[in-house]
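> Quick one: sequence and predicted model below, then my questions.
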Amino acid sequence: MRLFLAPMESVVDHHFRTIYSEIGGVDLFVSEFVRVNDMPVTTKTLLRECPELANHSRTANGTPVRVQLLGSNPQTLGESGLKAAKLGASAIDLNFGCPAKTVNKSHGGSILLKQPRLVGEIVAAVRAAVPSEVPVTAKIRLGFEDRSLYMDNALAIAEAGANELCVHARSKADGYNPPAYWPYIGKIVDALDIPVIANGEIWTVADWRRCKAETGSQDFMLGRGLVACPDLALQIKAAANNEPYAPLEWHELLPLLQHLYLATKDQYPLRYLGNRLKQWLYYLQLHYDEAAIFFERVKRYKQPHEFAAVFAQLEKTG
Ligand SMILES: Cc1cc2nc3c(=O)[nH]c(=O)nc-3n(C[C@H](O)[C@H](O)[C@H](O)COP(=O)(O)O)c2cc1C
């Protein structure tokens, strides 16, 4: 079984991947999407979005990171995939799931699911351009307005030579609302010869068990559930191996929260100071009561000394 941390634009950047690779349990990461238009993406952009490329496409402790590309132009996507492969990408992942209006307007992400033939052409072009030893993978939703074309897209991707397919078990119209329609993934698993990674609405070990039973997948991608519960991957692995497991306690997370704050604080204008810390706390409060209290405390903080004081105090009191 492999567990992936889902790509999440503006959430799962390389700082976040570093933290999660230290926590453990995640076998594979995927970069935020790199948008490709009518020109191949530059080396500078690839290195900015996926700095792990400079480390053989791995986090500092050696977990592979895939480069995710998003666009609709088969040729420039192929050229960009080749560029990323030359920089050492562990795999090239193609995004056919993004629901954002701006992205869909420029003909990228989930809107392409209305055209399985184009989806196949894109995968085939990238597969042809990228050396065969570098996997080309794709991530889809079940459709755009509805789920009627889910199998056409899955088959088009497999027939075009993709090495793996990740399925987020909702259409674009389903948004991020529960449920995730896992049985559709089961149908894709049955129809395809390549690994199919199941994604959507896995928040607990019990969810993972049901997802596994309903999909028959061997591999799983965890998104918001893993952001809210940072050792969910470890919990799932322990459960899969029938091993005892002591869940991560709140005080063990404090150094990691401080790490994210310090790593990202100079990345944004001062008025957004602490935004990434607050964002993680927003998810963590779904799992830890202490995170809600911490969030309430820091949500209006804007000054470095306010954050420094709160971390200094927490270091003493835990
Ligand atoms: C804030 C946010 C950003 C996301 N960004 C991406 C992205 O860049 N690429 C992608 O393929 N999926 C993206 N997704 C979708 C997730 O990878 C995942 O498919 C989705 O959240 C469902 O999994 P979950 O129910 O476990 O969260 C994003 C989701 C969220 C909530």
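The structure has been received and is ready for your questions.
> How about the stretch 51-200 of the chain: which residue is closest to the ligand?
Residue nearest to the ligand within the stretch 51-200 of the chain: His168 (3.7 Å; C-beta to the nearest ligand atom). C-beta: built from backbone N, CA, C; applies to glycine.
> Could you find the closest non-adjacent residue to that residue?
Asn199 (4.6 Å; C-beta to C-beta, 6 or more residues apart in numbering).
> Pull out the buried residues from stretch 6-23.
Within stretch 6-23, the residues scored as buried using 16 or more other C-beta atoms under 10 Å are 6-8, 11-21, 23.
> So what would you say the end-to-end distance of it is?
Counting by C-alpha to C-alpha, to the nearest Å, you get 16 Å between the two ends of stretch 6-23.
> Contacts for it next, please.
Where contact means C-beta atoms under 8 Å, 6 or more residues apart in numbering, the residues beyond stretch 6-23 that reach it are 5, 26, 29-33, 50-52, 59-63, 65, 68, 93, 95, 98, 139, 199, 221-224, 226-227, 230-231, 234, 248, 256, 259-260, 263-264, 276, 279-280.
> What about the ligand: which of these touch it?
Contacts with the ligand within the contacts of stretch 6-23, counted by C-beta under 6 Å from any ligand atom: Glu32, Phe33, Gln68, Asn95, Cys98, Lys139, Asn199, Leu222, Gly223, Arg224.
> Keep only those of the residues you listed that are in helices.
Among these, the residues falling in helices (DSSP state H) are Arg224.
> Give me the neighbour count for the closest residue to the ligand within the chain.
Residue nearest to the ligand within the chain: Gly223 (2.5 Å; C-beta to the nearest ligand atom). By the criterion of other C-beta atoms under 10 Å, Gly223 has 21 neighbours.
> got any ranges where the protein has weak pLDDT?
Scanning the chain for pLDDT under 70 picks out the ranges 318.
> Do a quick rundown of the helices in the stretch 151-300 of the chain.
182-191, 205-215, 224-228, 232-240, 250-264, 275-284, 289-298 (DSSP state H, counting those that start in this stretch).
> so which of those helices comes closest to Gly88?
Smallest distance to Gly88 across the helices of the stretch 151-300 of the chain (C-beta to C-beta): 22.9 Å, for helix 250-264.
> Counting by contacts, list what the helix or strand encompassing Gln75 packs against.
Assessed by DSSP states H and E, Gln75 sits inside helix 74-86. Here helix 74-86 touches helix 43-49, strand 65-70, strand 92-96, helix 116-129, going by 3 or more C-beta pairs under 8 Å, 6 or more residues apart in numbering; DSSP states H and E.
> can you redo those as CSV with distance to Ala162 and mean neighbour count?
As requested, the helices and strands packed on helix 74-86 are exported to CSV (distance: least, C-beta to C-beta, whole Å; neighbours: other C-beta atoms under 10 Å):
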stretch, distance to Ala162, mean neighbour count
helix 43-49, 20, 15
strand 65-70, 13, 27
strand 92-96, 8, 27
helix 116-129, 5, 20
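> Distance to Pro178 added to these, as TSV?
As requested, the helices and strands packed on helix 74-86 are exported to TSV (distance: least, C-beta to C-beta, whole Å):
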stretch	distance to Pro178
helix 43-49	30
strand 65-70	24
strand 92-96	22
helix 116-129	26
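> Show me which residues of this protein sit near the ligand.
So the chain meets the ligand at 6-9, 11, 32-33, 68, 95, 97-98, 139, 168, 176, 199-202, 222-225 (C-beta under 6 Å from any ligand atom).
> In strands, which of the residues you listed fall?
Judged by DSSP state E, the residues of the chain next to the ligand include Glu32, Phe33, Gln68, Asn95, Lys139, His168, Asn199, Leu222 as members of strands.
> one step back: quick check: which of the helices of the stretch 151-300 of the chain is buried the most?
For the helices of the stretch 151-300 of the chain, ranked by mean neighbour count under the definition mean count of other C-beta atoms under 10 Å, the leader is helix 224-228 at a mean of 21.
> tell me the domain ranges of this protein?
Using automatic domain parsing, the domains assigned to the chain come out as 2-240, 250-317.
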